[in-house]
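Enquirer: Here is my input; please provide its structure:
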Amino acid sequence: MEIKTNENIRVRLESFNHELLTSSCKKIIDLLQTNDVTKFSMVPLPTDKRIYCVLRSPHVDKDSREHFEIRSHKRILDI
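Expert: Sure thing, here's the model as predicted:
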């Protein structure tokens, strides 16, 4: 007798490198398909951008600044 449950597993993946993130998601999906899991989905979440403003010179030229950003890519796998 097989018992059916309505429980889901939600895996949240986060990375600075989007290529690494998509390859990891594909590996997990391939693993699920080999184990005959029929119900799964991948949901991309919005990318977060953190921008940092840095003065180029510590003593003069307050108007001269550099901007750096870090992007955080996210995915959710529902199993």
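
Enquirer: avg pLDDT for the strand or helix carrying residue 71?
Expert: If you go by DSSP states H and E, residue 71 is part of strand 65-78. Taken as a whole, strand 65-78 has a mean pLDDT of 96.

Enquirer: Which residue is the nearest non-sequential neighbour of residue 57?
Expert: Spatially, and ignoring its direct neighbours in sequence, residue 57 is nearest to residue 64 (6.4 Å; CB to CB, 6 or more residues apart in numbering). Backbone N, C-alpha and C define where each C-beta goes, glycine included.

Enquirer: Please name the residues that touch the one you found.
Expert: Counting by CB atoms under 8 Å, 6 or more residues apart in numbering, residue 64 touches 55-57.

Enquirer: quick one: which of those residues sit in helices?
Expert: Secondary structure from DSSP state H places none of these in helices.

Enquirer: Tell me the one of those nearest residue 4?
Expert: Nearest to residue 4, judged by CB to CB, of those is residue 55 at 60.9 Å.

Enquirer: That closest one: neighbour count?
Expert: 13 (other CB atoms under 10 Å).

Enquirer: isn't it right up against residue 65?
Expert: Yes: contact criterion CB atoms under 8 Å: residue 55 and residue 65 qualify, at 5.8 Å.
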